[in-house]
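1. Have a look at this fold, sequence not included:
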């Protein structure tokens, strides 16, 4: 039986060779905790997020919240004890917070979205399937009422799930006051079939659909990665664009 070297001990954290030799139950979560900590993305701002826009309110708010999975990691097959005897193989691990800083729902509820919403305003919000309940709570905390599922995104590629294979993600719509007017297109389809791009990237067809429905309204994208033409943006990844906008106002 192989024993662990010093480098492995540092990586494995609390695990030690005596525990493995005794057959003590040790999970991939425990062994690779140090590597998880090293890969986890964190915000480098002193506050939760940048300040929201000042002196401006919006008719349309489009949000893709960075849902938190409580540190849950995904492993390949070598993350199973029976596939990786004595944990000698390196294993693939992935998690949402390896890609961007995630936020717990209770923290996102503290972001004062009400301050940038007009009296008549729509909130289009992406929710991952495990976070559907939290999404409804978050929309309510931000001052909106849930109305319906605005878009269903068929990613054309599945993820394994605990129950059924996961192909789709939902974009919900919430309302504050009345639907903003004037209305644009009324024939935008709910179902969007578009291949999955990079991690958490959403199909541009949804943003364009919202534009077509509300072409003249003031619009902002929250937790944005890029700045679409005709939209204001806010989030960690677009701080340069956001700061430039603040200086102009």
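-> Nice, thanks for sending it over. Keep in mind the model is a prediction, meaning the values are calculated, not measured.

2. Which positions within the strand or helix carrying residue 107 qualify as buried?
-> Assigned by DSSP states H and E, residue 107 belongs to helix 105-108. By neighbour count with 16 or more other Cβ atoms under 10 Å, helix 105-108 contains the buried residues 105, 108. Quick note: C-beta positions are derived from backbone N, CA and C, even for glycine.

3. May I ask you to confirm that residue 67 is in contact with residue 134?
-> Yes: Residue 67 lies in contact with residue 134 (Cβ atoms under 8 Å); the separation is 7.3 Å.

4. So for stretch 160-169, mean pLDDT?
-> For stretch 160-169, the mean per-residue pLDDT is 83.

5. Pull out the buried residues from that stretch.
-> Using 16+ other Cβ under 10 Å as the test for burial, stretch 160-169 gives 166, 167, 169.

6. Residue ranges of each domain in the protein, please.
-> Using automatic domain parsing, the domain ranges for the chain come out as 1-39+78-98, 58-68+103-248.

7. measure stretch 208-226 end to end?
-> 14 Å (Cα to Cα, to the nearest Å).

8. Output the below-cut-off pLDDT ranges for the protein.
-> Applying pLDDT under 70 to the chain flags residues 1-49, 70-101, 198-200, 238-249.

9. Could you rerun that using 80?
-> Residue ranges of the chain with pLDDT under 80: 1-50, 54, 68-102, 158-162, 197-200, 236-249.

10. on that earlier part again, any common contacting residues for residue 67 and residue 134?
-> Taking Cβ atoms under 8 Å, 6 or more residues apart in numbering as the contact rule, residue 67 and residue 134 both touch 105, 127.

11. Give me the secondary structure label for residue 208.
-> helix (DSSP: H, G, I helix; E, B strand; the rest coil).

12. Could you count how many residues lie near it?
-> 13 (other Cβ atoms under 10 Å).

13. and the nearest residue to residue 159 once chain neighbours are set aside, what does it touch?
-> Distances taken as Cβ to Cβ, 6 or more residues apart in numbering place residue 166 nearest to residue 159, at 4.5 Å, with adjacent residues excluded. For residue 166, the contact set (Cβ under 8 Å, 6+ apart) comprises 129, 158, 159, 160.

14. Please point out which parts of stretch 52-71 sit buried.
-> For stretch 52-71, the neighbour count (16+ other Cβ under 10 Å) marks 52-53, 58-68 as buried.

15. just those now: which is nearest residue 232?
-> residue 53 (6.4 Å; Cβ to Cβ).

16. wait, that closest one sits on residue 235?
-> No: applying Cβ under 8 Å as the test, residue 53 and residue 235 come out as separate, 11.9 Å apart.

17. Pairing partners for the biggest strand by length in the chain, with directions?
-> Taking DSSP state E as the criterion, the chain has its longest strand at strand 145-159. Strand 145-159 has its sheet partners listed here by DSSP bridges as strand 166-176 (antiparallel), strand 191-193 (parallel).

18. Next, count neighbours for the nearest residue to residue 225 once chain neighbours are set aside.
-> Nearest residue to residue 225 in three dimensions, chain neighbours excluded: residue 237, at 4.6 Å (Cβ to Cβ, 6+ apart). Residue 237 has 14 neighbours, counted by other Cβ under 10 Å.

19. same question, residue 116
-> Neighbours of residue 116 under the rule other Cβ under 10 Å: 22.
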